[in-house]
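Novice: Generate coordinates for the sequence data below:
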Amino acid sequence: MRALAAHKLTVAVAEGDTGGLLLERLTASPGSSAVVIGGVVAYADSLKQSLLCVPDAVLREHGSVSAQAAEAMAVGMRLLAHTSLGVATTGIAGPGGATETKPVGLAYVAVASAERVVVREFHWQGGRAANRAASVGAAADLLRELLLEM
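Specialist: I've put the predicted structure just below:
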């Protein structure tokens, strides 16, 4: 939170597989209200489209668990909340929901600024709670990484 405040930046999050855990982690720090604007838990594709402006073509061609969806969610959240940064998580926490090409533990995390978007792919090996926690940690790490580059 100090790095966000030092750079006079704000952040909002769009969560799929993490279901609000990322926002909980970000707001646990004292002073977070100065930099964390809020977030959206967009489990359903309909919310990803209507709130975050994820294009229908992205969902049809790549699915909601994809690098393209994570990128669109992060950008959409940043624009919706009028923040400096948008963070997004999407994945298959398990134990169900997997397909032949998208196994349990597949996750994507994205951070968007006005200048660029960084998306990372992960393959977690734990159960549902561990996979969700791992995605939260990865999102926080990616956010820190981008702040260090600013």
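Novice: going forward, measure contacts and count neighbours with C-alpha atoms only.
Specialist: OK.
Novice: so when I look at residue 89, I'm seeing a strand, right?
Specialist: Yes: applying DSSP: H, G, I helix; E, B strand; the rest coil, one finds residue 89 inside a strand.
Novice: Quick one: residues contacting it.
Specialist: Applying Cα atoms under 8 Å, 6 or more residues apart in numbering to residue 89 gives the contacts 14-18, 70, 107-110, 135-136, 139.
Novice: Same check on residue 53?
Specialist: With contacts defined as Cα under 8 Å, 6+ apart, residue 53 is in contact with 72-73, 76.
Novice: repeat that for 10 Å
Specialist: Shown in contact with residue 53 (Cα atoms under 10 Å, 6 or more residues apart in numbering): 46-47, 72-73, 75-77, 79-80.
Novice: Can you name the two of the residues you listed that sit furthest apart?
Specialist: Using Cα to Cα, the pair of these lying farthest apart is 46 and 79, separated by 17.8 Å.
Novice: out of the two, which sits in the more crowded spot?
Specialist: Set residue 46 next to residue 79 and count neighbours by other Cα atoms under 10 Å: residue 79 wins out with 19 against 13.
Novice: So residue 12 is in contact with residue 86, correct?
Specialist: Yes: counting by Cα atoms under 10 Å, residue 12 does reach residue 86; the two are 5.2 Å apart.
Novice: residues shared between the contacts of those two?
Specialist: When contacts are counted by Cα under 10 Å, 6+ apart, residue 12 and residue 86 are jointly contacted by 39, 74, 77-80, 111.
Novice: Which members of these occur in strands, if any?
Specialist: In this view, the shared contacts of residue 12 and residue 86 that belong to strands under DSSP state E are 39, 111.
Novice: So which residue is smack in the middle of this protein?
Specialist: The centroid of the chain falls nearest to residue 88 when counting by Cα atoms, centre = their mean (1.5 Å).
Novice: May I have the beta-bridge partners of it?
Specialist: residue 14, residue 110 (DSSP bridges).
Novice: residues touching it, list them.
Specialist: 12-18, 22, 39-42, 69-78, 108-112, 119, 135-136, 139.
Novice: go again using 8 Å as the cut-off
Specialist: Contacts of residue 88 (Cα under 8 Å, 6+ apart): 13-16, 70-71, 73-74, 77, 109-111, 139.
Novice: surely residue 34 meets residue 7?
Specialist: No: look at residue 34 against residue 7 with Cα atoms under 8 Å: they stay out of range, at 12.0 Å.
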